[in-house]
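Q: coordinates for the following, if possible.
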Amino acid sequence: MTSDQLRQVLLAPEDAAAMDAPGRTDAAVLVPLYLEAGALVAVLTERRADLRRHAGEISFPGGRQDSPDEDLRETALREADEEIGLAGADVELVGALPPVGTFVTGYRIFPFVGVIQAGHFWRPQETEVAEVLELSLADLVHGYEHKRLIRRGVPIRTPTYTVRGHFVWGATARILEHLLRRVAPLL
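A: Alright, predicted model coming up:
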């Protein structure tokens, strides 16, 4: 699978930026992908269990803009560098996915997809990241379930993915759902 093939199935960043999602605070994530033995692998983080927000959850590297005029692509690349040591120069941005909102924290998250080389040495940010996860898209597809979860007393229906004991749900699972739908013809 080539970067050009991914570009063909993903949104252009400008098209994604024009889309709306619930949320009052803009944020961006990087969806790093690499090819290993013919299979696409996604890089995610497991957040530390002692964090005030999203403790122990699995997410893509990302966060809020540093300033309102910061390009969201730059936000995603900056956050990936800060959180897992993935330098922007090592990422080929190939497209974007539709934005998703977080219900509890009110973020509107813009996901950008980047291709990286396999075998990267990760430097997780000790104050935020417990572990860097590398999960194949095929394993994520096999670990899919649509579940009803109770979070903070509120029932939600969400896609979920379980791979090797790692449980992905919420906004990250919705981002994965968009990604997997778009790349399905390439898998």
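
Q: pLDDT wise, what is the residue nearest the centre of the chain at?
A: The centre of the chain sits closest to Phe60, judged by C-alpha atoms, centre = their mean, with a distance of 3.4 Å. Per-residue confidence for Phe60 comes out at a pLDDT of 96.

Q: and if you look at the one 3 residues further on?
A: At Gly63 the predicted local confidence, pLDDT, stands at 89.

Q: who touches the closest residue to it other than its chain neighbours in this structure?
A: Spatial nearest neighbour of Gly63, excluding adjacent residues (C-beta to C-beta, 6 or more residues apart in numbering): Glu79 at 4.4 Å. Just so you know, the C-beta spots here come from the backbone N, C-alpha and C atoms, and that holds for glycine as well. By C-beta atoms under 8 Å, 6 or more residues apart in numbering, the residues touching Glu79 are Ala28, Val29, Leu30, Pro61, Gly62, Gly63.

Q: how about Phe167?
A: Contacts of Phe167 (C-beta under 8 Å, 6+ apart): Ile58, Thr160, Tyr161.

Q: quick check: the second one vs His166, distance?
A: In other words, Thr160. Shown here: Thr160 relative to His166, a distance of 11 Å by C-beta to C-beta, to the nearest Å.

Q: again with Leu176
A: For Leu176, the distance to His166 under the criterion C-beta to C-beta works out to 12 Å.

Q: which one of the two has more residues nearby?
A: Higher neighbour count among Leu176 and His166: Leu176, with 27 against 16, using other C-beta atoms under 10 Å.

Q: that one and Val168, how far apart?
A: Here Leu176 is placed at a distance of 7 Å from Val168 (C-beta to C-beta).

Q: also Ala87?
A: Taking C-beta to C-beta as the measure, Ala87 falls 25 Å from Val168.

Q: which one of those two has more residues nearby?
A: Summary of the neighbour comparison: Ala87 and Val168, criterion other C-beta under 10 Å, with Val168 having more neighbours (25 against 11).

Q: can you map out the helices along this protein?
A: Residue ranges of the helices in the chain, as given by DSSP state H, are 3-9, 13-17, 72-84, 137-142, 170-183.

Q: list the helices and strands the longest one packs on?
A: It stands for helix 170-183. Judged by 3 or more C-beta pairs under 8 Å, 6 or more residues apart in numbering; DSSP states H and E, helix 170-183 is in contact with helix 3-9, strand 25-36, strand 39-47, strand 58-59, strand 100-101, strand 107-115, helix 137-142, strand 154-163.
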